[in-house]
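Q: no FASTA, just this:
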Ligand SMILES: [Mg+2]
Ligand SMILES: [Mg+2]
């Protein structure tokens, strides 16, 4: 007779789990159509056993050329990368790749919304940072400056999303705010 | 001393090859940001040989929950499925899956542009059909009608894209037309 401890029911969930649940909720409610992109894999060898499904026997992980999530909300293209850190005082920029920055900058040029969702896992705090803010910190690093974004600067430039019970990470209201700030 | 026969240089290219080339051109020119989604794969076993890349040793193909391509063009979310047929007189609807129809209908409800690109490979003809047209033929089939769309009906409801040298399949002008027809 195992009792489920609801107060800890969110323990062990990755940011990806939380976002997938939230996106599934948005999809069911007709609020947004957002999906995580599959992990890109280079397939080398496939076996076709008779009477059963094909089995991939040799494949390699490829570097993604874009971000984790994209979709459409209220007529707008949205595109984001989700990142979590165990750090308590800053977000390390080494978590982000060049090609992701490049992709987000292309999206913004096409008038899409590009942003990053950051989870400070030990603090249970979540932030949405528009690409145009992220780019400033990225450029500062490239110019020889800090290799991380201090929490205080994140608090000043990003929108905090307070997690709830369900959906866990209701980020659409934050997008409404982003939209007003970055046309 | 092999001479390249340019008149046949496009032979053997799949529709996916042609679209990837075109999308790469659009990306380079800053005209649109459209990517093919990776094939979704369920990874079961991974080996980590020392000093070399991780090798996936057991994985299975999963059913995609969305369409092949999506992205942003000129502030609009675009989403499409690419299909080719060797047929000369009609497009068989069995090429399309339920969940793709469902996904496209969700996209249109969020005011995204959803459509299908059809290649009649033997005829070298290409058509762009908006989801709202496709849905009519789909519903007709579900109601017990034809299981394919006759070429003539495609000519009447879709926009033909005449292939060129480079980019091979310049479909953005057709999207401009779609946009005017289906706000
Ligand atoms: Mg990520
Ligand atoms: Mg396809």
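A: Done, it's in. Keep in mind it's a predicted model, so treat the numbers as computed, not measured. Ligands and ions are numbered 1, 2, ... in the order given.

Q: near chain B, which residues of chain A?
A: Applying CB under 8 Å from any CB of the partner chain, one finds that chain A approaches chain B through A:27, A:30, A:32-33, A:35, A:37-41, A:43, A:53-62, A:64-66, A:70-77, A:79, A:103, A:106-107, A:109-112. Every residue, glycine included, has its C-beta placed from N, CA and C.

Q: Could you tell me which of the residues you listed belong to strands?
A: A:33, A:35, A:41, A:43, A:55-61, A:70-73, A:76-77, A:79 (DSSP state E).

Q: Now restrict the residues you listed to buried residues only.
A: Applying 16 or more other CB atoms under 10 Å in any protein chain shown to these, the neighbour count classes A:33, A:35, A:41, A:55-59, A:70-73, A:76-77, A:79 as buried.

Q: how about the residues you listed, which pair is most distant?
A: Using CB to CB, those reach their maximum pairwise distance at A:57 and A:76, which is 41.8 Å.

Q: Show me what residue of chain A gets nearest to ligand 2.
A: Nearest to ligand 2, among the residues of chain A, is residue A:38, at 14.4 Å (CB to the ion).

Q: Tell me how many other residues crowd that residue.
A: Number of residues near residue A:38 (other CB atoms under 10 Å in any protein chain shown) recorded here: 17.

Q: so who does the closest residue to it other than its chain neighbours touch?
A: Leaving aside its sequence neighbours, residue A:38 sits nearest to residue B:40 (CB to CB, 6 or more residues apart in numbering or on different chains; 3.9 Å). Under the criterion of CB atoms under 8 Å, 6 or more residues apart in numbering or on different chains, the neighbours of residue B:40 are A:38, B:61, B:62, B:63, B:64, B:65.

Q: where does residue A:140 sit relative to residue B:138, distance-wise?
A: Applying CB to CB, to the nearest Å, the value for residue A:140 to residue B:138 is 52 Å.

Q: swap that for residue A:13, please
A: Using CB to CB, residue A:13 is found at 37 Å from residue B:138.

Q: more neighbours, these two?
A: Between residue A:13 and residue B:138, counted using other CB under 10 Å, the more crowded position is residue B:138 (19 against 14).

Q: so what's that one closest to, chain neighbours aside?
A: residue B:101 (5.7 Å).

Q: mind listing what's buried in the strand or helix carrying the one you found?
A: In this structure, residue B:101 sits in helix B:98-109 according to DSSP states H and E. Residues of helix B:98-109 classed as buried by neighbour count (16+ other CB under 10 Å): B:100, B:101, B:103, B:104, B:105, B:106, B:107, B:108.

Q: Report the contact partners of the second one.
A: The neighbourhood of residue B:101, defined by CB under 8 Å, 6+ apart, consists of B:134, B:135, B:138.

Q: which phi and psi does the closest residue in space to the first one that isn't next to it in sequence have?
A: For residue B:134, ignoring the flanking residues on the chain, the nearest one in space by CB to CB, 6+ apart is residue B:116 at 5.6 Å. Taking degrees, to the nearest 10, you get phi -120, psi 140 for the backbone angles of residue B:116.

Q: Return the distance of residue B:116 relative to residue A:106.
A: From residue B:116 over to residue A:106 the distance is 25 Å, taken as CB to CB.

Q: And residue A:44, by the same measure?
A: 30 Å.

Q: Residue A:14 too?
A: According to CB to CB, residue A:14 and residue A:106 sit 27 Å apart.

Q: do residue A:115 as well
A: For residue A:115, the distance to residue A:106 equals 14 Å [CB to CB].

Q: elements contacting the lengthiest helix in chain A?
A: When chain A is parsed with DSSP state H, its longest helix is helix A:15-29. In terms of contacts (3 or more CB pairs under 8 Å, 6 or more residues apart in numbering or on different chains; DSSP states H and E), helix A:15-29 is packed against strand A:33-36, strand A:69-73, strand A:76-85, strand A:113-120.

Q: could I get those as CSV with mean pLDDT?
A: Below are these laid out as CSV (pLDDT from 0 to 100):
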stretch, mean pLDDT
strand A:33-36, 97
strand A:69-73, 98
strand A:76-85, 97
strand A:113-120, 98
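
Q: Nearest approach to residue B:147 belongs to which of those strands?
A: Per CB to CB, nearest to residue B:147 of these: strand A:33-36, 27.8 Å.

Q: Partner strands of that closest one and their direction?
A: Strand A:33-36 has its sheet partners listed here by DSSP bridges as strand A:69-73 (antiparallel).

Q: do the partner strand and ligand 1 meet at all?
A: No. On the criterion CB under 5 Å from the ion, strand A:69-73 is out of touch with ligand 1, staying 8.5 Å away.

Q: And for residue A:179, the neighbour number?
A: 15.

Q: Give the other helices and strands that the host helix or strand of it contacts.
A: For residue A:179, the host element (DSSP H and E) is helix A:172-181. If you count contacts as 3+ CB pairs under 8 Å, 6+ apart, helix A:172-181 packs onto strand A:76-85, strand A:113-120, strand A:125-130, strand A:159-161.
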